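In: Just a sequence and a predicted model for now, questions to come.
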Amino acid sequence: MNFDPLNAVLIGVVLLLAVGFYGLLITRNLIKIVLVLQVLVKAVVIALVLAGKDSGNLGLGQSIAATVIVADTVVAVVALALAVQVRIRIGTLDLSKISSLRG
Amino acid sequence: MAAILIGFVIGIPWLGALILWRTNDENPRLQHTLAVAFSIAAGFSSLALIFFSSAQTAVDIPMGAFFGSLTFTPDGLAVSLTAIACVIGSLAVVFSVDYMKGEAQLSRYYTFVLLFIGAMAGLVLSGSLLFMFFFWEITALCSYALISFYNDDPKAVAGGIKALIITQVGGVGLLAGALITYSTLGTYQVSDLLESAGTIPANVLAFIAFGFLIAAAAKSAQFPFHTWLPDAMEAPTPISALIHAATMVNAGVYLLARFYPAFVQVPGWALSVTIVGLVSALITAFMALTATDLKRALAYSTVSQLGYMVYAIGVGGFFASQFHLLSHAVFKALLFLAAGAVIHAAGTRDMRRMGALGKQMPFVRNVFVLGALALAGLPILSGFWSKELILEVGLADGPIWAYVGMLLGAGMTAFYTLRITWLVFFGEARESLHVHDAGFAMKVSLGLLAAGTLSTWLLAGSFSGLFHATLPFHSIHELSTLELTEEIFFAPATYIALTVVCLGLGIFWMVRKQAAARKEAQFDILSRESFGFDWLNRQVTSITFKFASVLQETQTGKLNWNVVGILGALLVVLVFLLWSA
């Protein structure tokens, strides 16, 4: 069988996504949620570069990936700041005890 | 020239609305003056526009691929309704100078009135279905805002929301019709739909036709949507006269009249329109028989008269319906404004507390009697000619049971009209209300409308000539006023109807002594509740709310559950992609 090295990257992306989603499903701690989201976004960044390479637009894929990294860093910083505020105001980081999102 | 005038009749009121929005409520004199100036300017522009009417599109602004062109066509139907909206609009604004004296938040009041006048002109002049819908919704929003004008009164707020919801339901019918038209013909233009209605597959055309019928019934408060109009009477009275009697509620009749040539070929459509008109006319005439609130009684009669117009379109009397629309707009605006003068002076809307007010306010009594006689359909007032024309067409071309029903409605109209007039102005005084006659601004607008009630039927000939010249799809015969009056004079239908009207008047005359002191019977309670339709409305809203609270349970606020939802959706998409590949 002729093994394409790009497929190895693809498998890595799927594995990272799986880890991320699994984490989102089971995590209750807000800080850990931010970490898990980072794992998910890293999978997406790799997928972007991979898609760029595969379609012959490597430059485009890389530049979008770089943009995502920047935006994602901002998101992470804000999310961590919010987590700190939640801890100060509500006194817990446990998601199951913070249900103000309830409709 | 027509293009400039069209710009005026829409642009002047909207510019006025913009300016009044920014005015300060501490200077009411400036606000009254500005509103009167802008509305009268629009009124004169609309009258001038009549002389430039044509079947040709006067304004054509391309709006991009998705929206088609914004077009305005000043044909006979459009210019006559524009004139009604702008002229009666300006009279209502003049009336407001006295009626709204000393009220707070006049800026909000006049802004919405002027916004409404411009939108109504745009609605009837628009040659594009999509922009017709746009203007249609603006009129609905203005109506809502003005019904709820006294927003510290929960009844006013509830009435406004009811009107908004029901007319929105109808608006969906119009939007659906417009989008289906676009998807089959590739255009939003009204003239294209009228021209190539025959090429649209029959079932698709039926969807458009019945969608428009729903829109029209909701906007004109026709059965089964007739419950919102009586509750809309919480609005200030000039608003009831302008929006809920003379203009906006006519938009539904206008819609049916505009597309009648295209939809008449849809099987069952004309019959449905006839039945909607008949049922609305009768059911609300019954409600008007027992109403004790002056404005609600007039509102029931408005729905009933709109029912006559809808019925006329159903039996093919396009001209009769538009002629009745014109006369009704004038005499019903007169009745409402006169009622406004009474309410303003007496401080109550309950007719049981009035009585013998005629001696204290002779001018208002005289114009009200004039309007009431026109509503009852007595010669030679405008209402007589148009109603006789409708009944004549109904006898000649419509089913006989519908004609008999409408005849009964005419008798009931005479009965309740005399009842209202008697309870308010004649008989003995039941409470010593100290009232004063109308102020100067009120008298000006009432006097002009009274003159219109006496004279608009003289325009019938030129009205039919205008339609004949500018509406190529409706095949209107041109008749002079003399020919029309001769036709009505020699038709047997006229004398049948007059007999029924006199019968209605006579029956009330015999029971007039009991009219004020009657005990409330089961029938009164039933009719106040719209014969169960108000109950139906409440059921629909409560079911909607219950459904919403059930759906609320799905929003747990737990992140983990949300992720499950997202992953589930992703899975569905993947399965769908694999399955279709």
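Out: Great, that's in hand.
In: surely B:Leu326 meets B:Ala83?
Out: No - if you go by C-beta atoms under 8 Å, B:Leu326 and B:Ala83 don't touch, sitting 9.1 Å apart. All C-beta atoms are positioned from the backbone trio N, CA, C, and that covers glycine.
In: burial of A:Ala81, as a residue count?
Out: 10 (other C-beta atoms under 10 Å in any protein chain shown).
In: quick one: low-confidence ranges for chain A?
Out: A:1-2, A:99-103 (pLDDT under 70).
In: all helices in it, in order from the N-terminus.
Out: All helices of chain A, identified by DSSP state H, fall at A:5-26, A:30-55, A:58-90.
In: could you redo those as JSON lines and give each row distance to chain B?
Out: Listed next are the helices of chain A as JSON lines, based on distance: least, C-beta to the nearest C-beta, whole Å:
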{"stretch": "helix A:5-26", "distance to chain B": "4"}
{"stretch": "helix A:30-55", "distance to chain B": "7"}
{"stretch": "helix A:58-90", "distance to chain B": "12"}
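In: Give me the phi and psi angles of the closest residue to B:Leu381 other than its chain neighbours.
Out: Once flanking residues are discounted, B:Leu381 sits nearest to B:Ala374: 3.8 Å by C-beta to C-beta, 6 or more residues apart in numbering or on different chains. Main-chain dihedrals, B:Ala374, degrees, to the nearest 10: phi -70, psi -40.
In: can you check B:Ser220 too?
Out: phi -90, psi 10.
In: just to revisit the earlier point, the residue nearest to B:Leu381 and B:Thr453 touch, don't they?
Out: Yes - using C-beta under 8 Å, B:Ala374 is in contact with B:Thr453, at 5.0 Å.
In: Neighbour count for those two, which is higher?
Out: A count of neighbours by other C-beta under 10 Å puts B:Ala374 above the other of B:Ala374 and B:Thr453, at 31 against 25.
In: ok, and the closest non-adjacent residue to residue 75?
Out: Here I'm looking at chain A. A:Leu37 (7.7 Å).
In: was after chain B, sorry
Out: For B:Asp75, the spatially nearest residue (C-beta to C-beta, 6+ apart) is B:Thr470, at 4.1 Å.
In: Check the gap between the one you found and B:Ala209 for me.
Out: 23 Å (C-beta to C-beta, to the nearest Å).
In: With neighbour numbers in mind, choose between these two.
Out: B:Ala209 (25 against 20).
In: Excluding covalently adjacent residues, which one is nearest to the more buried one?
Out: Here the residue nearest B:Ala209, using C-beta to C-beta, 6+ apart, is B:Phe263, at 3.9 Å.
In: Quick check: phi and psi on B:Asp350?
Out: Backbone dihedrals for B:Asp350, given as degrees, to the nearest 10, come out at phi -80, psi 120.
In: The one 10 residues further on now?
Out: Torsion angles at B:Gln360 (phi, psi; degrees, to the nearest 10) stand at phi -90, psi -20.
In: Contact residues of chain B facing chain A?
Out: Contact residues, chain B versus chain A (C-beta under 8 Å from any C-beta of the partner chain): B:552, B:554-560, B:563-564, B:567.
In: sorry, back to before: from the helices of chain A, which stretch is densest packed?
Out: Among the helices of chain A, ranked by average contacts under mean count of other C-beta atoms under 10 Å in any protein chain shown, first place goes to helix A:30-55 (a mean of 17).
In: got the angle between that one and helix A:5-26?
Out: Between helix A:30-55 and helix A:5-26, the angle comes out at 160 degrees (axes from the mean of the first three to the mean of the last three C-alpha atoms, to 10 degrees).
In: How far away from the center of its chain is helix A:30-55?
Out: 5 Å (C-alpha atoms, centre = their mean, to the nearest Å).
In: Surely B:Gly43 is in contact with B:Cys86?
Out: Yes - B:Gly43 lies in contact with B:Cys86 (C-beta under 8 Å); the separation is 4.6 Å.
In: Tell me where chain B has strands.
Out: B:59-62, B:69-72 (DSSP state E).
In: Please identify the deepest-packed of the ones you listed.
Out: strand B:69-72 (a mean of 20).
In: other SSEs contacting that one?
Out: strand B:59-62 (3 or more C-beta pairs under 8 Å, 6 or more residues apart in numbering or on different chains; DSSP states H and E).
In: What about B:Ile161, how many residues nearby?
Out: Neighbours around B:Ile161, by other C-beta under 10 Å: 16.
In: Sorry, wrong one. I was asking about B:Leu567.
Out: 14.
In: what's the answer for B:Leu20, then?
Out: Neighbours of B:Leu20 using other C-beta under 10 Å come to 23.
In: Confirm for me that it is in contact with B:Thr33.
Out: No - at 10.5 Å, B:Leu20 does not count as touching B:Thr33 under the criterion of C-beta under 8 Å.
In: rewinding a little: what touches both of B:Ala374 and B:Thr453?
Out: Shared contacts of B:Ala374 and B:Thr453 (C-beta atoms under 8 Å, 6 or more residues apart in numbering or on different chains): B:327, B:331, B:381-383.
In: Max pairwise distance over those residues: which two?
Out: Largest separation among the shared contacts of B:Ala374 and B:Thr453 by C-beta to C-beta: B:Ser327 and B:Leu381, giving 8.1 Å.
In: and for those two, which residues touch both?
Out: Both B:Ser327 and B:Leu381 are in contact with B:374, B:453, B:457, where contact means C-beta under 8 Å, 6+ apart.
In: Can you add distance to A:Arg28 and pLDDT and give those residues back as a markdown table?
Out: Shown next, in a markdown table, are these (distance: C-beta to C-beta, whole Å; pLDDT from 0 to 100):
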| residue | distance to A:Arg28 | pLDDT |
| --- | --- | --- |
| B:Ala374 | 75 | 89 |
| B:Thr453 | 76 | 86 |
| B:Trp457 | 79 | 82 |
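In: ok, of those, which one's closest to B:Phe425?
Out: So of the shared contacts of B:Ser327 and B:Leu381, ranked by how close each gets to B:Phe425 (C-beta to C-beta), first place is B:Ala374, at 16.0 Å.
In: wait, what's in contact with the closest one?
Out: B:327, B:331, B:381-384, B:453.
In: what's the spacing between it and B:Thr456?
Out: 10 Å.
In: any common contacting residues for those two?
Out: B:327, B:382.
In: any idea how far B:Gly159 is from the closest residue to chain A within the stretch 201-350 of chain B?
Out: Among all residues of the stretch 201-350 of chain B, B:Trp228 sits closest to chain A, at 30.0 Å; criterion: C-beta to the nearest C-beta. As judged by C-beta to C-beta, B:Trp228 and B:Gly159 stand 8 Å apart.
In: Of the two, which one has the most company?
Out: B:Trp228 (26 against 22).
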